[in-house]
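In: task: produce atomic coordinates for the following.
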Amino acid sequence: MLDPITQELAKDKPPVDGETGENGTAADEDSDDWEDQDDGFVDVKASAGLHHRNIDNRLASVQNRLPFSFHPNFRPLTISDLDSCEVLENGAFENPAHRCTREKFEYRLTACPEICFGVFCTILPEDFERFQIDTFPTSHAVETRRENGGRSVLVAHIVATKSDEAVVTDAAMGYPRDFRARTPGTSLLGHDDTGRTVCIHSLAVHPRLQSCGLGKCIVKSYLQHVQSSGFADRCALICQDYLVSYYEKLGFSHMGPSSAGFGGGGWNDMVLDFDRFHMHMPEIKI
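Out: This is a model prediction of the structure:
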């Protein structure tokens, strides 16, 4: 799957670059004030297999854009989120060549949904009238019999696969075209369930919530989850030159030019090894 985590970081501008291969990563350029704040801002709780994160006032800039209370829910994506992921991706990436295709989303959300996460928030129908967001129509009811009609709406996602390579490769970014009929684990393309490298292919934040810290929040929350879960030794991604320093600030090391040939090449390998990862994170409460 050709899709590096590349995101447009120019404030108040729509993202123009996306993931490696067929998707990209569009998040936001966070404020300098946010950059200086303590990294221990996320309280993580696991309940019924889902990870809920109550984000404190360090994301007040997100709340300032919304006409309703922002109570984000950070949980694994499922195949039922396919439509919302596609809509979010299409809105986040201006260049169609940098978007993950629907079929690739279907493959990843089927092969490894446990390492693909989304940030959701509850929006009522009357709130939608005041804050139009195109992932609302594809969302699902918070509760089937909830009288107020609240829906769980996707506002950001991280989509990944696992690999046995130390960096993101074209094979990791690919996927078997016959995956619906193929026995899992029988292809050299795409997700390798025994791999110890999590390859981040898409980081997308809805355009209406970019440039307010949500991108960094989901990345740090995701890294914490992967590290604490123990199913990987590292996270890897590829990015363009102008994003190298951005990911270095998040703990990634620049490993040099990437051999990935998507889009004509020119990518950089970025790797975060958890044995050298010392970002301050709060204890996970189970």
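In: so which bits of stretch 198-209 are buried?
Out: 198-207, 209 (16 or more other Cβ atoms under 10 Å). For the C-beta atoms, the positions are set from N, CA and C on the backbone; glycine is no exception.
In: pLDDT averaged over whatever helix or strand residue 152 lives in - what is it?
Out: Using DSSP states H and E, residue 152 sits in strand 151-163. Averaged across strand 151-163, pLDDT comes to 96.
In: so what does the helix ranked longest in the chain touch, helix or strand wise?
Out: When the chain is parsed with DSSP state H, its longest helix is helix 214-229. Under the contact definition 3 or more Cβ pairs under 8 Å, 6 or more residues apart in numbering; DSSP states H and E, helix 214-229 sits against strand 42-47, strand 50-55, strand 117-123, strand 151-163, strand 197-205.
In: could you check the angle strand 197-205 makes with it?
Out: 150 degrees (axes from the mean of the first three to the mean of the last three Cα atoms, to 10 degrees).
In: on that earlier part again, mean confidence for the helix or strand that the strand holding residue 152 is followed by?
Out: Using DSSP H and E, the next helix or strand after strand 151-163 towards the C-terminus is helix 170-173. Averaging pLDDT along helix 170-173 yields 93.
In: how far out from the middle of the chain is helix 170-173?
Out: 18 Å (Cα atoms, centre = their mean, to the nearest Å).
In: report the buried residues of that helix.
Out: Residues 170-173 are the ones in helix 170-173 that count as buried (16+ other Cβ under 10 Å).
In: same question for stretch 250-261.
Out: 250-252, 258, 260.
In: just the residues you listed: which are in helices?
Out: Among the buried residues of stretch 250-261, no residue falls in helices (DSSP H).
In: let's have the residues you listed in TSV, adding distance to residue 234.
Out: TSV is the format used below for these (distance: Cβ to Cβ, whole Å):
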residue	distance to residue 234
250	13
251	11
252	10
258	15
260	17
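In: just give me the closest of those to residue 187.
Out: Residue 187 has its nearest neighbour among the buried residues of stretch 250-261 in residue 260, at 18.2 Å by Cβ to Cβ.
In: do you know how far the closest one is from residue 266?
Out: 9 Å (Cβ to Cβ, to the nearest Å).
In: secondary structure element for residue 271?
Out: Assigned by DSSP H and E, residue 271 falls in strand 268-273.
In: other SSEs contacting that strand?
Out: Taking 3+ Cβ pairs under 8 Å, 6+ apart as the contact cut, strand 268-273 packs with strand 234-239, helix 244-249, strand 253-257.
In: direction included, what does the shortest one pair against?
Out: In other words, strand 253-257. As defined by DSSP bridges, the strand partners of strand 253-257 come to strand 268-273 (antiparallel).
In: what's the angle from the partner strand to strand 234-239?
Out: Going by the same axes, to 10 degrees, strand 268-273 makes 160 degrees with strand 234-239.
In: distance between strand 268-273 and the chain's centre?
Out: The answer for strand 268-273 is 16 Å, by Cα atoms, centre = their mean.
In: neighbouring contacts of it?
Out: 166-168, 223, 233-241, 243-244, 247-248, 250-258 (Cβ atoms under 8 Å, 6 or more residues apart in numbering).
In: switch to 6 Å and redo it
Out: Residues outside strand 268-273 that contact it (Cβ atoms under 6 Å, 6 or more residues apart in numbering) are 167, 234-237, 239, 244, 247, 251-253, 255, 258.
In: dump those residues to JSON lines, plus distance to residue 81 and pLDDT.
Out: Compiled in JSON lines, the contacts of strand 268-273 are given as follows (distance: Cβ to Cβ, whole Å; pLDDT from 0 to 100):
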{"residue": "167", "distance to residue 81": "28", "pLDDT": "97"}
{"residue": "234", "distance to residue 81": "26", "pLDDT": "97"}
{"residue": "235", "distance to residue 81": "21", "pLDDT": "98"}
{"residue": "236", "distance to residue 81": "24", "pLDDT": "97"}
{"residue": "237", "distance to residue 81": "21", "pLDDT": "95"}
{"residue": "239", "distance to residue 81": "25", "pLDDT": "90"}
{"residue": "244", "distance to residue 81": "31", "pLDDT": "95"}
{"residue": "247", "distance to residue 81": "26", "pLDDT": "92"}
{"residue": "251", "distance to residue 81": "27", "pLDDT": "92"}
{"residue": "252", "distance to residue 81": "26", "pLDDT": "96"}
{"residue": "253", "distance to residue 81": "31", "pLDDT": "96"}
{"residue": "255", "distance to residue 81": "32", "pLDDT": "97"}
{"residue": "258", "distance to residue 81": "29", "pLDDT": "96"}
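In: perfect, that will be all.
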